[in-house]
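Enquirer: need a 3D model of the sequence below.
(chains A and B)
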Amino acid sequence: MIEKDNGHEHTGIGAEMKVLLREPPLLISIAAVFLLFAIFIIYPFVKILLVPSASDWVRALTGREYLLVFGHTLFSSLIATTTAIIFGFIFAYGINYTHMPCKRFFQVVALLPTMAPSVVSGLAFIMLFGRRGFVTWNLMHLHVDLYGPFGLWAAQTIAFFPLAYITISGVLKSISPNLELAAQNLGARGWYLFRTVTLRLATPGIASAFLLVAINSLADFGNPQLVGGNYHVLATEAYAQVTGAWDMPMGATLSVFLVVPTLIVFFVQRYYLEKNSYVTVTGKPVSGLIRVTAGPMATRLLWLFCMFISLIILMIIGVVILFAFTVAFGADYTFTLQYFKEGVIQSKVMLHSWVASMSTAAITTVLGIALAFLTIRKRFPGRTVMDFLAMLPVSLPGTFIGLALILAFNDGPLELTGTLGIIILGMSLRQLPVGYRQAVAGLKQIEGSLEQASTNLGANSFTTFRRIVLPMLKNSLSVSFVYAFMRSMNTLSTVIFLVSPEWNLASINIMSLANQGFLPTASATAVGIMLVIYVTFGIVKLILRDKINIFDL
Amino acid sequence: MADYVLQLKNINKYFGNNHVIKNVSMNFKKGDFVTFLGPSGCGKTTILRMIAGFYEPDDGEILLNDRNIERVPPYDRNAAMVFQEYALFPHMNVYENVSYGLQVKHLAKAEIDKKVKKALELMQLQGMEKRYPNQMSGGQQQRVAVARALVMDPEILLLDEPLSNLDAKLRESVRVELRDIQRQMGLSTIYVTHDQSEALSMSDCIVVLKDGVVHQVGTPQEIYFEPKTAFVADFIGTTNLLKVNGTGGHQVKYQDVTIRTDKDVRPGETYSVSIRPECIGLSETPVQGKVNVKATIFNKMFLGEKVRYFVHDGAGKEWIVDVFDPGKKLMHGEVYVNFPDEKAWLIKE
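Expert: Numbers count the residues shown, from 1 in each chain, chains lettered A, B, ... in the order given. Below you'll find the model as predicted:
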């Protein structure tokens, strides 16, 4: 995230310190940020490491069942990530390299799952292929049990497909069409051109997308809980240890275990792949050039594939809607609003989710821009540390963050357990990297000379920020606001340890209702979340009057 | 017939409702260095890309060595192109970049080695085989891009503003070098630029384009001294364009001054006359045998080898006059602008 020092006149910690002392407001805000980070990031993460005793570590490292769970976690997320990435790549290639019909439709459908909690694909899987699934039981009269690794693989593949598609689509878009034209000009075409140029150029980006999806599927809680059956993974096992066996130290140990692979992934991505990316090498983007498109045969196959994926997604959303609005789908097809009333209209959890997610979106957007302004535009000792801490939560599994927070704020002066505050805190930690990264990207696009020009014309730092920087960042800020809101509405793993009977959330409700067999109400809640997200988008769009379109990815 | 390497016949191209190329026809002689010159948006790059096959003309024919290439896909046209941003493959080193097109053709390893070596020698890139594009300067990258195109032994070489990303000094030396290599190899070349000094100094033939229309095709001297349209006169170099009225009998009038021309003029019709600043003299009294216009100097710039004077004539028209080998003493005040009749180039539009 951090640029090299571009010829700044002061170098060295001493000189940087001197500049800081000349600007007390800056010094105070930097100190405040570090204090916040110390209390809400460093302290909980140190605390969770200290909870397990030596014997807990030994128990976890030698117990066969825990090693099995560890293996399950790695295996299931590896295969789900692999398929999600392959599907995402083919889909993104179809969207970006062909002129196939129904493209707009595909683009919209592919992103629908991001508006619902990822657990919805598990929920739909149960309703379609479960023991009493609509397809397996009602249509085919089969007695099958797909709970376990296979069901988990299917549910996670679909759940993480949109993330893979969005990320890879961004990678493909950033490849200069000129390179492919040059290859064509030199005689290459079709598969050869794809293999030697397009794929090779996309590889670092795909690897990066792979790691991003891997972090998410390693940490996934909802799908393993719903369709994993007896196939336990670290996130669900840690939850079972804490809530079932009341073994807090073992829960903490397993959560820390989960951090190991995600942290490795994080470091590989951050310090290896980003430096080996080709994307920025060729300089200025070229506009108005058409890409080399796939041949007619390839286009037809890609179309079939995109249609197939789109239909699966529509089937998932469709079955959720049908379950939500019929008395008993599969047996009694009468239309009813009863479940929707129960799950959405009369439900306090929906309101809680909305309040918590809105607060999170506001906090992370504001904090993100403040942090980005400090790390990008200012020079001070500890800048890289600040950048690192702001990005760190992106690699941490939600269950780990949640557990760390309840362990840290269970008592003492900052007792937050059981409050709305700790929920917002958890969500904010989780979303901070997103807001921060958006703001960094936005700020880097604004040339420093614009701010210097403003200062030169007599504006102070604050006025410059308000009149120049903020308006130019409007777009990327509204994107991060909307995104943080959406992710927070849908998060499950981060808040699973943080909710209380008094402060429960809609996403949690979907899972607990589904676990207890109340599939229609769970479905209605999922539909409710999607509606709330969509309506909120609409409102944000009206207020900001900007052109953000979540489907334009 | 076979003298032409490339022929464009009534080419038209639309982008949506935008008619970007309007009925362009021309022939390119073998071994010529032809430059497309025009302001940005004039369609020069579009024509180049149509020749390479990246766009298809909506109308008209392109013949490459007498073969209609309408149905030939870009990867089968032997028209190697050097891109403005070079478009070097960032994941390949110099050797891999230059040999890419040969490997596509499945040539034998030894042959590829030989050809790449020759191309790299020609572009003075020996010893750089293992470097990656991001480890090279802009000038070196540009050489690799040219080598990559030359190694294909193309029927025609297409260059899309290849020098625009280089600094001024480098640009000038690469100009000479490129032209040398092109001459040595006898390579038919089309060069796209908006830089008139590049066009004038390198080309056998210049095609001046504006808004998708060919304004003039000619040698650099023809383009400079005998512009066919006011646009060409104004775009190439600096000139003084006068609005004049025909009086018949090879004579036009600028205000009350008569200018003789060797072209037929019709009485009452309006024409333009182009006179280059370096063809004009300044004197305190009218000069016999020349056209004299009374004017006042209002500004001057000393540029070393010359002084550039800015003067107003009686009608308020602003003239630019270059006086070479000026000495230390500068002129000022009321003067006569004078030039021989034959230096006034009449433009019929």
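Enquirer: how about the secondary structure of B:Arg183?
Expert: Judged by DSSP: H, G, I helix; E, B strand; the rest coil, the three-state class of B:Arg183 is helix.
Enquirer: now it: closest residue in space that isn't a chain neighbour?
Expert: Nearest residue to B:Arg183 in three dimensions, chain neighbours excluded: B:Phe33, at 7.9 Å (Cβ to Cβ, 6 or more residues apart in numbering or on different chains). Heads up, the C-betas are built off the backbone N, CA and C, glycines and all.
Enquirer: pLDDT at that neighbour, what is it?
Expert: B:Phe33 carries a pLDDT value of 95.
Enquirer: tell me, how many residues neighbour it?
Expert: B:Phe33 has 21 neighbouring residues, counting by other Cβ atoms under 10 Å in any protein chain shown.
Enquirer: what's the following helix or strand after the strand or helix carrying A:Met17?
Expert: Using DSSP states H and E, A:Met17 maps to helix A:12-22. Sequence order places helix A:24-37 as the next helix or strand after helix A:12-22, per DSSP H and E.
Enquirer: so how far is that following helix off the chain centroid?
Expert: Relative to its chain's centre, helix A:24-37 lies at 28 Å (Cα atoms, centre = their mean, to the nearest Å).
Enquirer: angle of it against helix A:12-22?
Expert: Using axes from the mean of the first three to the mean of the last three Cα atoms, to 10 degrees, the direction of helix A:24-37 lies 110 degrees away from that of helix A:12-22.
Enquirer: against which helices or strands is the helix or strand just after helix A:24-37 packed?
Expert: Following helix A:24-37 in sequence order, the next helix or strand is helix A:43-50 (DSSP H and E). Contact here means 3 or more Cβ pairs under 8 Å, 6 or more residues apart in numbering or on different chains; DSSP states H and E; on that basis helix A:43-50 packs against helix A:248-267, helix A:398-408.
Enquirer: gap between the helix holding A:Met17 and the chain center?
Expert: Centroid separation for helix A:12-22 versus its chain: 37 Å, with Cα atoms, centre = their mean.
Enquirer: ok, and for that helix, which residues are buried?
Expert: By 16 or more other Cβ atoms under 10 Å in any protein chain shown, the buried positions in helix A:12-22 come out as A:16, A:19-20.
Enquirer: where does the closest residue to chain B within chain A land on pLDDT?
Expert: Ranked by Cβ to the nearest Cβ, the top residue of chain A for proximity to chain B is A:Leu186, at 3.3 Å. pLDDT, A:Leu186: 91.
Enquirer: I'd guessed it sits against B:Arg148; true?
Expert: Yes: with contact defined as Cβ atoms under 8 Å, A:Leu186 reaches B:Arg148; the gap is 7.1 Å.
Enquirer: which of those two has more neighbours?
Expert: B:Arg148 (30 against 27).
Enquirer: stretch A:366-383: how far from the chain's middle?
Expert: 23 Å.
Enquirer: what's in contact with that stretch?
Expert: Stretch A:366-383 has contacts (Cβ atoms under 8 Å, 6 or more residues apart in numbering or on different chains) with A:1-3, A:5, A:8, A:10, A:13, A:16-17, A:19-20, A:26, A:29-30, A:33-34, A:386-387, A:390, A:428, A:432, A:434-440, A:442-444, A:448, A:451, A:465, A:469, A:473, A:477, A:480.
Enquirer: make it 7 Å
Expert: A:1-2, A:8, A:10, A:13, A:16-17, A:19-20, A:26, A:30, A:33-34, A:386-387, A:390, A:432, A:435-436, A:438-440, A:443-444, A:473, A:477, A:480 (Cβ atoms under 7 Å, 6 or more residues apart in numbering or on different chains).
Enquirer: of those residues, just the buried ones, PyMOL syntax please.
Expert: Per 16+ other Cβ under 10 Å, the buried members of the contacts of stretch A:366-383 correspond to this PyMOL selection:
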select buried, chain A and resi 1+16+19+20+26+30+33+386+387+390+432+435+436+438+439+440+443+473+477+480
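Enquirer: and chain B, which of the contacts of stretch A:366-383 reach it?
Expert: Residues of the contacts of stretch A:366-383 in contact with chain B (Cβ under 7 Å from any Cβ of the partner chain): none.
Enquirer: picking that back up, need the overlap of contacts for A:Leu186 and B:Arg148.
Expert: With Cβ under 7 Å, 6+ apart, A:Leu186 and B:Arg148 have common neighbours B:100-101.
Enquirer: now the helices: where do they sit in chain B?
Expert: According to DSSP state H, chain B carries its helices in the segments B:44-52, B:94-104, B:109-122, B:138-150, B:168-185, B:196-202, B:220-225, B:230-235.
Enquirer: say whether chain A is contacted by the first one.
Expert: Yes: residues of helix B:44-52 are located near chain A by Cβ under 7 Å from any Cβ, namely B:Ala52.
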